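[1] Provided below are the primary sequence and the corresponding predicted coordinates.
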Amino acid sequence: MFSALVNVFKIEELRSKILFTLGMLAVYRIGYAIPLPGVNADELRRSVEIAASQGNALGRAAQYVAVFSGGSFSQSTIFGLGIMPYISAAIIFQLLGSVSEKLKALKKEGPAGQQKIQEYTRWSTVGLCLVQAVFWLQFLTSQGLVYAEFTGTPLFWISGVVGLTGGTIFLMWLGEQIDKYGIGNGISLIITAGIIAMMPTAIQIVSSGFSLSGEAGAAADPNASTGEYGPLEVLFLILSFVAVTAGAVTITQGQRRIPIQQAKHTRGRRVYGGQKSYLPLRVNHGGVMPIIFASSLMLFPSLALGWMAATFPSDATGFMGWVGSAFQFLNTELGPQGAGYGFLYILIYIGLIYFFSYFWTTVQFNPEETATNLRDHGSFIPGLRPGPRTAEYLETVMERITYVGAGFLAVIAVIPMAVASYGDVDFLVTQFLGGTGLLIVVSVMLDFVQRIEAQLLMRNYQGFLGGEQGRGGSKIRGTRGR
């Protein structure tokens, strides 16, 4: 492992790419601290902390944005919207690509068509940024989180909209520069850097509430759920983090390999083909997208229930009270901090994860197209006739492994809720035990390591994942074994 790290910095090109990537991420973190003009940052941060402890819609929205967008509503910086508008635009065009004939034709044109779709995505990102920036600034104004001398002035609106929009566009450009001159997926690395940056805060929460007797934490950190973290609790958190991370790596890399046989054909006196290979079908084909879609949709019922509770306060102990306690993030029976999830909320959340897992797999994987490509290239699955029978088999296999993958995503998504609710642990700590953030970090870092591995093996260096093979380590051999 250490020799592989040394080899990374021996290669000038690879060293330059890694240092460039780290430099761009450092620029992102510097810009992350530049506030918007006119916003009372201290009061906003205090409001978001209170909302997060009470579990209302503002707190959930702030946590939702901070986890996987690379931005932060609690600080309202120029990167407040993060990279989420660009991701939303890319998802929209990806979905439209399966129904729009024009986009299908552009995809078939190759790099030129992809460049045109990328241009559409960028312009759509600008439009989404303008809309989201206006709504966010309007919310800040209505909540009294803007200084009086800036409230309602054109300067505040222009500087705020331009600042938030420009921040997202700059992040988009930063990600493209990492793709071009660095190593790894730039957008994914920006999101990962934002998630990892929250880890020191989580460690500080645990350390400030730690006590050998497990009773002195409440005085040390009154903002935590109870602040009590004894040796057994800390050991449980560490072992849980290791176990969940190992499970996330396993399921992310898990594949169902379908054997593929290439048909033999004769040209002159030579026989070509006949090789055996496999078609890898990922168990977690949807990645983190099902959790992202489910989390975003679960924000709307929170807003609706909050409005209904304010409109019908007399029904707090009746039907509305039952729905609120069964669905809402806030559960007063679990203590004054309200760190709990109702059973109805969890059931609907799991159901949405399953639904979007199958939906996203359907969008990403087309059994008929795959079967047609296999037939056109002279390949087939042993025991199955090429064409519709192969497509039917692939669809059946994909449905079964998607069920398993969706179950894994549901477990990963529910773990932070269960630990926060019944383990009385701060949610900022439990989000590293599962959920969207952990899956994003695991998948992005696996991709990052594999790219470095490929660069090392390409230059006959032993990689991170290779074992010892003789004195020279693992090598790339030619067609004749030399």
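    Looks like it arrived, so ask away. Fair warning: this is a prediction, and the values are worked out from it, not measured in the lab.
[2] so where's the longest helix in the protein?
    helix 388-422 (DSSP state H).
[3] tell me the first helix or strand C-terminal of that one.
    Next helix or strand after helix 388-422 toward the C-terminus (DSSP states H and E): helix 427-430.
[4] got the residue ranges for the strands in this protein?
    255-262, 265-267, 270-272, 276-282, 379-380 (DSSP state E).
[5] give me whichever of those strands is most buried.
    Neighbour counts (mean count of other CB atoms under 10 Å) averaged over each of the strands of the chain peak at strand 379-380, with a mean of 19. No exception for glycine: its C-beta is placed from N, CA and C like everyone else's.
[6] run the chain-centre distance for that strand.
    Centroid displacement of strand 379-380 relative to its chain, using CA atoms, centre = their mean, to the nearest Å, is 35 Å.
[7] which other residues reach that strand?
    Among residues not part of strand 379-380, those counted as contacts by CB atoms under 8 Å, 6 or more residues apart in numbering are 260-263, 277, 374, 386, 390.
[8] out of these, who's nearest residue 157?
    Among the contacts of strand 379-380, residue 374 lies closest to residue 157 (CB to CB), at 56.2 Å.
[9] for the closest one, report the pLDDT, please.
    Among the per-residue scores, residue 374 shows a pLDDT of 85.
[10] go on, residue 303?
    60.
[11] swap in residue 17?
    90.
[12] cool, and residue 119?
    Looking at residue 119, the pLDDT reads 90.
[13] which residues are in contact with it?
    So residue 119 contacts nothing (CB under 8 Å, 6+ apart).
[14] for residue 98, see how far away it is.
    20 Å (CB to CB, to the nearest Å).
[15] of all the strands of the chain, which one is nearest residue 80?
    Nearest of the strands of the chain (CB to CB): strand 276-282, 33.8 Å.
[16] quick one on the thing from earlier: ok, so of the contacts of strand 379-380, who is nearest residue 105?
    residue 374 (23.5 Å).
[17] right, and the strands of the chain - which one's nearest residue 17?
    Closest among those, using CB to CB: strand 276-282, at 26.9 Å.
[18] what does that closest one rub up against?
    Applying CB under 8 Å, 6+ apart, the set of residues contacting strand 276-282 is 254-262, 365, 370, 374, 379, 381, 394, 397-398, 401, 405.
[19] show me where the stretch 101-250 of the chain has its helices.
    101-108, 111-142, 154-181, 186-196, 199-208, 217-220, 231-253 (DSSP state H, counting those that start in this stretch).
[20] okay, buried residues for the second one please.
    To tie it back to what came earlier, the one meant is helix 111-142. Using 16 or more other CB atoms under 10 Å as the test for burial, helix 111-142 gives 117, 121-122, 124-126, 128-129, 132-133, 136-137, 140-141.
[21] what of the fourth one?
    By neighbour count, and taking 16+ other CB under 10 Å as the criterion, the buried residues in helix 186-196 are 186-195.
[22] now render the residues you listed as a markdown table, adding distance to residue 245 and pLDDT.
    Listed next are those as a markdown table, based on distance: CB to CB, whole Å; pLDDT from 0 to 100:
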| residue | distance to residue 245 | pLDDT |
| --- | --- | --- |
| 186 | 24 | 87 |
| 187 | 22 | 85 |
| 188 | 17 | 84 |
| 189 | 18 | 88 |
| 190 | 21 | 87 |
| 191 | 17 | 84 |
| 192 | 14 | 85 |
| 193 | 18 | 85 |
| 194 | 18 | 81 |
| 195 | 13 | 82 |
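[23] in this structure residue 415 contacts residue 435, no?
    Yes - using CB atoms under 8 Å, residue 415 is in contact with residue 435, at 7.3 Å.
[24] between these two, which has more neighbouring residues?
    For residue 415 versus residue 435, neighbours defined as other CB atoms under 10 Å are more numerous around residue 435 (24 against 19).
[25] what sits against the more buried one?
    Residue 435 touches 67, 291, 412-413, 415-416, counting by CB under 8 Å, 6+ apart.
[26] top of those residues by neighbour count?
    residue 291 (26 neighbours).
[27] tell me the pLDDT at that residue?
    80.
[28] shaky segments in this protein?
    1-4, 48-75, 213-228, 265-266, 271-274, 296, 299-342, 421, 423, 460-482 (pLDDT under 70).
[29] one more time with 50
    215-227, 329-340, 468-482 (pLDDT under 50).
[30] phi, psi of residue 365?
    phi -120, psi 120 (degrees, to the nearest 10).
[31] look up how far residue 279 lies from it.
    11 Å.
[32] check residue 348 too.
    From residue 348 over to residue 279 (counting by CB to CB), the distance is 35 Å.
[33] correct me, but residue 11 touches residue 457?
    No - with contact defined as CB under 8 Å, residue 11 does not count as touching residue 457 (11.6 Å).
[34] how about the contacts made by the residue nearest to residue 78 when sequence neighbours are not counted?
    Leaving aside its chain neighbours, residue 78 sits nearest to residue 167 (3.8 Å; criterion: CB to CB, 6 or more residues apart in numbering). By CB under 8 Å, 6+ apart, the residues touching residue 167 are 31, 71, 77-81.
[35] now, which of those sits nearest residue 232?
    So of the contacts of residue 167, ranked by how close each gets to residue 232 (CB to CB), first place is residue 71, at 36.3 Å.
[36] list the buried ones in stretch 435-450?
    In stretch 435-450, the ones that count as buried by 16+ other CB under 10 Å are 435-445, 448.
[37] circling back: okay if I get the contacts of strand 379-380 as a markdown table plus distance to residue 207?
    Output for the contacts of strand 379-380, formatted as a markdown table (distance: CB to CB, whole Å):
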| residue | distance to residue 207 |
| --- | --- |
| 260 | 53 |
| 261 | 58 |
| 262 | 58 |
| 263 | 63 |
| 277 | 51 |
| 374 | 55 |
| 386 | 61 |
| 390 | 56 |
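[38] distance check, residue 289 against residue 100.
    20 Å.
[39] same question but for residue 179, I mixed them up
    For residue 179, the distance to residue 100 - CB to CB - is 25 Å.
[40] who has more neighbours, residue 289 and residue 100?
    More crowded of residue 289 and residue 100, by other CB under 10 Å: residue 289, with 21 against 13.
[41] which residue packs closest to that one, ignoring adjacent ones?
    residue 360 (4.9 Å).
[42] about what we covered before: tell me which other helices or strands the longest helix of the chain touches.
    With contacts defined as 3 or more CB pairs under 8 Å, 6 or more residues apart in numbering; DSSP states H and E, helix 388-422 has these neighbours: helix 231-253, strand 255-262, strand 276-282, helix 289-297, helix 343-364, helix 367-376, helix 427-430, helix 435-458.
[43] what's the closest of these to residue 43?
    Nearest to residue 43, of the helices and strands packed on helix 388-422 and by CB to CB, is helix 427-430 at 20.4 Å.
[44] what's the end-to-end length of stretch 363-372?
    17 Å (CA to CA, to the nearest Å).
[45] one more: stretch 194-205?
    Note: stretch 194-205 ends 18 Å apart using CA to CA.
[46] can I get the helices and strands packed on helix 388-422 in CSV with distance to residue 23?
    Below are these laid out as CSV (distance: least, CB to CB, whole Å):
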stretch, distance to residue 23
helix 231-253, 27
strand 255-262, 35
strand 276-282, 33
helix 289-297, 28
helix 343-364, 33
helix 367-376, 41
helix 427-430, 28
helix 435-458, 16
